[in-house]
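Q: Got a sequence here, can you build the structure:
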Amino acid sequence: MRRRYFGTDGIRGTVGQAPITPDFMLRLGHAVGRVLRREGERPSVLIGKDTRISGYMLESALEAGFASAGVDVLLSGPLPTPGVAYLTRALRLDLGVVISASHNPYPDNGVKFFSARGEKLPDDWELAVEAALDEPPQWRDAAGLGRARRLEDAVGRYVEFCKGTVPHTLSLRGMKLVVDAAHGAAYHVAPDVFHELGATVVRIGCAPDGFNINDGCGATAPAALVAAVAEHRADYGIALDGDADRLQMVDAQGRLFNGDELLYVMAADRLAQRHAVEGVVGTLMTNMAVELALRRLGVGLVRARVGDRYVLEELLARGWQLGGESSGHLLALDRHTTGDGIVSALQIMQAVARQKRPLAALLEGVDLFPQAMINVRLREGGDWQRNAVLERARADVERELGAHGRVLIRPSGTEPVLRVMVEAQDGALGRRCAERLAAAAQG
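A: Next up, the predicted model:
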């Protein structure tokens, strides 16, 4: 069955346009409720959201859809996506629902779902929901309608969960941290977590108004964090995105650490504590310098397709614990079932505190390779995979780079362009190689 609504990260769009309209959300809630009722007579779901102005409207529509199918609803209000995943599992609910467009600007919104175990749902479930959307609604009578109530202590429960992912001996006393919540779902959560662990916390991006989520702040715009760390003479800065599943960090010298570097620190710290790390999952975009550094530690890196869903699938298939993307979406499955920016930041701060070394020192010898990226517009009807000129050019470039670089050529998933990327220890060489490949792709 061809997918019409579900992408790799739930359903997303611009509010007021298909499929993100109140009418669609009502029908979606009803369809999901009917699928849930096939497995239980009185299912219960949790609905959380970020801080977008449209979240209130879409929350009400989803709530009505679930109630019309005979499903009970708990409402958490604004809460990070990983917080919804945790509470769904902790409260033994049947489903977790998050209304969020993550790192996108405020006019966008979307919805994603978590299973009773706080994990992403399988393709078969999504296809069942799409099939139910095509069927006529089966409204419950008054006696069979679902009930809805507020979960008043959702934030406090999640704060305690985050703190519980590190040993009770961890103290951040004496540290000054800037926490940037992107005016998103963690604005009233993340600062409290680090404050309760002893840190002096400076809050930025913690005053949402419905329209400013991810606007010049957070993990997708870390310049604000760099400036705030310098202004307040803080030790570190922590930036999350709108739904708090991504992380970027900054140190007192203004150095920005991306997801690849933070993933390496998490793996290396586990090894320093004599914990087994059988392997790490990255993506096609994970920097080669991190792959080589992990190899020096005796840890292999497996590359999944770009997207946290594919990283998670690879981790589960291999029984491994650590994975992530350059964007800062990091997975530590021995701590949580999904990516969590706050939990990831705590893992990094734990490594810094335990090893009594600054974050930059934990990354000595890991110098990221420059990545040269060129977008090549595809000709209509052209087949880049059968381009003999490109194949020869790629073979020549790979021989020239040897063990000091790599080539990645892939089509865009959203526009008719071919993304040509060359990563090389020698940045100038990488750029020249990328230009050669782009010319070959156009020819």
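
Q: gap between residue 209 and residue 106?
A: According to Cβ to Cβ, to the nearest Å, residue 209 stands 9 Å off from residue 106. (Glycine included, C-beta is placed from N, CA and C.)

Q: Of those two, which one has the most company?
A: Neighbour count, other Cβ atoms under 10 Å: between residue 209 and residue 106, residue 106 has more, with 23 against 11.

Q: So what's the residue count around the residue lying closest to residue 253 once chain neighbours are set aside?
A: Distances taken as Cβ to Cβ, 6 or more residues apart in numbering put residue 360 closest to residue 253, at 7.2 Å, once the chain neighbours are dropped. Counted by other Cβ under 10 Å, the residues lying close to residue 360 total 13.

Q: Now do the one helix or strand residue 360 maps to: everything it contacts.
A: Using DSSP states H and E, residue 360 maps to helix 359-362. Helix 359-362 is contacted from outside by 236, 249, 251, 253, 255, 257, 265, 268-269, 348, 351-352, 355, using Cβ atoms under 8 Å, 6 or more residues apart in numbering.

Q: Now the buried members of these.
A: The neighbour count (16 or more other Cβ atoms under 10 Å) marks 236, 249, 251, 257, 265, 268, 269, 348, 351, 352, 355 as buried among the contacts of helix 359-362.

Q: Minimum pLDDT in those, which residue is that?
A: Of all the buried ones among the contacts of helix 359-362, residue 355 carries the smallest pLDDT score, 92.

Q: Angles on the backbone of that residue, please.
A: With angles defined as degrees, to the nearest 10, residue 355 sits at phi -90, psi 0.

Q: Let me see the contact set for the residue nearest in space to the middle of the chain.
A: Nearest residue to the geometric centre of the chain (Cα atoms, centre = their mean): residue 329, 3.9 Å. Shown in contact with residue 329 (Cβ under 8 Å, 6+ apart): 245, 246, 247, 259, 308, 311, 339.

Q: The fourth one contacts residue 325, doesn't it?
A: So the one you mean is residue 259. Yes: if you go by Cβ atoms under 8 Å, residue 259 and residue 325 touch, sitting 5.3 Å apart.

Q: which residues touch residue 84?
A: 46, 48, 76, 96, 97, 98, 114.

Q: Show me which positions of stretch 335-355 end up buried.
A: Buried residues in stretch 335-355, defined by neighbour count with 16+ other Cβ under 10 Å: 335-353, 355.

Q: Please compute how far that stretch lies from its chain's middle.
A: Stretch 335-355 sits 14 Å away from the centroid of its parent chain (Cα atoms, centre = their mean, to the nearest Å).

Q: any weak-confidence spans in the stretch 301-443 of the chain?
A: Along the stretch 301-443 of the chain, the model assigns pLDDT under 70 to residues 381-382, 413-414.

Q: can you pull out the strands in the stretch 1-150 of the chain?
A: Listed in chain order, the strands of the stretch 1-150 of the chain (DSSP state E, counting those that start in this stretch) span 11-14, 44-49, 72-78, 95-99, 108-114, 148-150.

Q: For residue 189, which of these is the nearest?
A: For these, proximity to residue 189 was assessed by Cβ to Cβ; strand 72-78 is nearest, at 8.8 Å.

Q: Direction included, what does the closest one pair up with?
A: Sheet pairing for strand 72-78, assigned by DSSP bridges, gives strand 44-49 (parallel), strand 148-150 (parallel).

Q: Run the angle between that strand and strand 95-99 for me.
A: If you take axes from the mean of the first three to the mean of the last three Cα atoms, to 10 degrees, strand 72-78 sits at 40 degrees to strand 95-99.

Q: Now do strand 72-78: everything it contacts.
A: Against strand 72-78 from outside (Cβ under 8 Å, 6+ apart): 42-51, 55, 59, 63, 66-67, 83-84, 87, 91, 93, 146-151, 154, 185, 187-188, 208.

Q: Buried ones among the residues you listed?
A: 43-51, 55, 59, 63, 66-67, 83-84, 87, 93, 146, 148, 151, 154, 185, 187-188, 208.

Q: quick revisit: export the strands paired with strand 72-78 to a markdown table and tack on distance to residue 288?
A: Converted to a markdown table, the strands paired with strand 72-78 look like this (distance: least, Cβ to Cβ, whole Å):
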| stretch | distance to residue 288 |
| --- | --- |
| strand 44-49 | 37 |
| strand 148-150 | 49 |
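
Q: out of these, which comes closest to residue 7?
A: Closest to residue 7 of these is strand 44-49 (Cβ to Cβ; 18.7 Å).

Q: And the average pLDDT for that closest one is what?
A: Mean pLDDT, strand 44-49: 98.

Q: Flag the shaky bits of the stretch 101-250 of the chain, pLDDT-wise.
A: For the stretch 101-250 of the chain, no stretch has pLDDT under 70.

Q: ok, which pair from the contacts of residue 329 is furthest apart?
A: Spatial extent of these (Cβ to Cβ) is set by the pair 247 and 311 at 14.4 Å.

Q: picking up where we left off before, now, the contacts of strand 72-78 that are in helices?
A: Using DSSP state H, the subset of these located in helices is 55, 59, 63, 66, 67, 83, 84, 87, 154.

Q: Identify the residues contacting residue 364.
A: Residues near residue 364 by Cβ under 8 Å, 6+ apart: none.

Q: State the three-state secondary structure for it.
A: coil (DSSP: H, G, I helix; E, B strand; the rest coil).

Q: for residue 286, same thing?
A: Classification of residue 286 by three-state DSSP places it in coil.

Q: and it, what are its phi and psi?
A: The phi/psi pair for residue 286 (degrees, to the nearest 10) reads phi -60, psi 130.

Q: The residue lying closest to it once chain neighbours are set aside and residue 292, how far apart?
A: Closest residue to residue 286 apart from its sequence neighbours, by Cβ to Cβ, 6+ apart: residue 260 at 5.5 Å. Using Cβ to Cβ, residue 260 is found at 12 Å from residue 292.

Q: For those two, indicate the residue with more neighbours.
A: Higher neighbour count among residue 260 and residue 292: residue 260, with 25 against 16, using other Cβ under 10 Å.

Q: What's the per-residue pLDDT of the more buried one here?
A: For residue 260, pLDDT reads 97.

Q: Also the one 3 residues further on?
A: Residue 263 is assigned a predicted lDDT (pLDDT) of 98.

Q: coming back round to it: out of the contacts of helix 359-362, who's nearest residue 385?
A: Nearest to residue 385, judged by Cβ to Cβ, of those is residue 257 at 36.0 Å.
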